[in-house]
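> Predicted model and sequence below, questions to follow.
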Amino acid sequence: MNENLQGLADYVQEMTKATGVYIGKLVFQKREIKEDAGENDDLDEVAAKVVQFTHANKSHNSMINVVLSPEDAPMTHSVFNFTEIVATQPPADDADADAN
């Protein structure tokens, strides 16, 4: 799916006539590390996550790899403020219960 995101950004911009379309993801902030650091030692898992844009429509490709903190762009971060949906199992059919 990742290889289609650039095309999606261009398509959404063209179809909606939006000025710009950016696709981003929440990532841990980076911090300086020592030369002998482990694989994920550069990730600050305590600080608030930031939005890193991974794709943008052609006229806004300068936004790719731009990182926005919650303080810099509270409205952008509000897009990621959702509650996780917990899947629930539907009740069993009475017919299924009678068959057992």
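Done, it's in.

> Read off the pLDDT value for the residue positioned nearest the centre of the chain.
For the chain, the residue nearest the mean C-alpha position is residue 25 (2.5 Å; CA atoms, centre = their mean). Model confidence at residue 25, given as pLDDT, is 90.

> what's the answer for residue 85, then?
On the pLDDT scale, residue 85 gets 65.

> Kindly state the beta-bridge partners for the residue nearest to the centre of the chain.
Legend: beta-bridge partners of residue 25 under DSSP bridges are residue 52.

> buried ones in stretch 23-39?
23, 24, 28, 29 (16 or more other CB atoms under 10 Å). Every C-beta, even on glycine, is put in place using the N, C-alpha and C of the backbone.

> neighbouring contacts of it?
5, 8-9, 41-45, 47-56, 67-69, 76, 80 (CB atoms under 8 Å, 6 or more residues apart in numbering).

> Just the buried ones from the residues you listed, in PyMOL syntax?
PyMOL command restricting those to the buried ones, with burial defined by 16+ other CB under 10 Å:
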select buried, resi 9+49+50+51+52+53+54+55+56+68+76
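
> Just the contacts of stretch 23-39: which are in strands?
Using DSSP state E, the subset of these located in strands is 43, 44, 50, 51, 52, 53, 54, 55, 56, 67, 68.

> for the chain, which helix is longest?
Looking across the chain with DSSP state H, the single longest helix is helix 5-16.

> Low-confidence bits of this protein, can you list those?
Along the chain, the parts satisfying pLDDT under 70 run over 1, 82-87, 92-100.

> contacting residues for residue 77?
51, 68, 70.

> For residue 59, what are phi and psi?
Note on residue 59: backbone dihedrals following degrees, to the nearest 10 are phi -80, psi -10.

> Now do the contacts for it.
Residue 59 touches 13, 20, counting by CB under 8 Å, 6+ apart.
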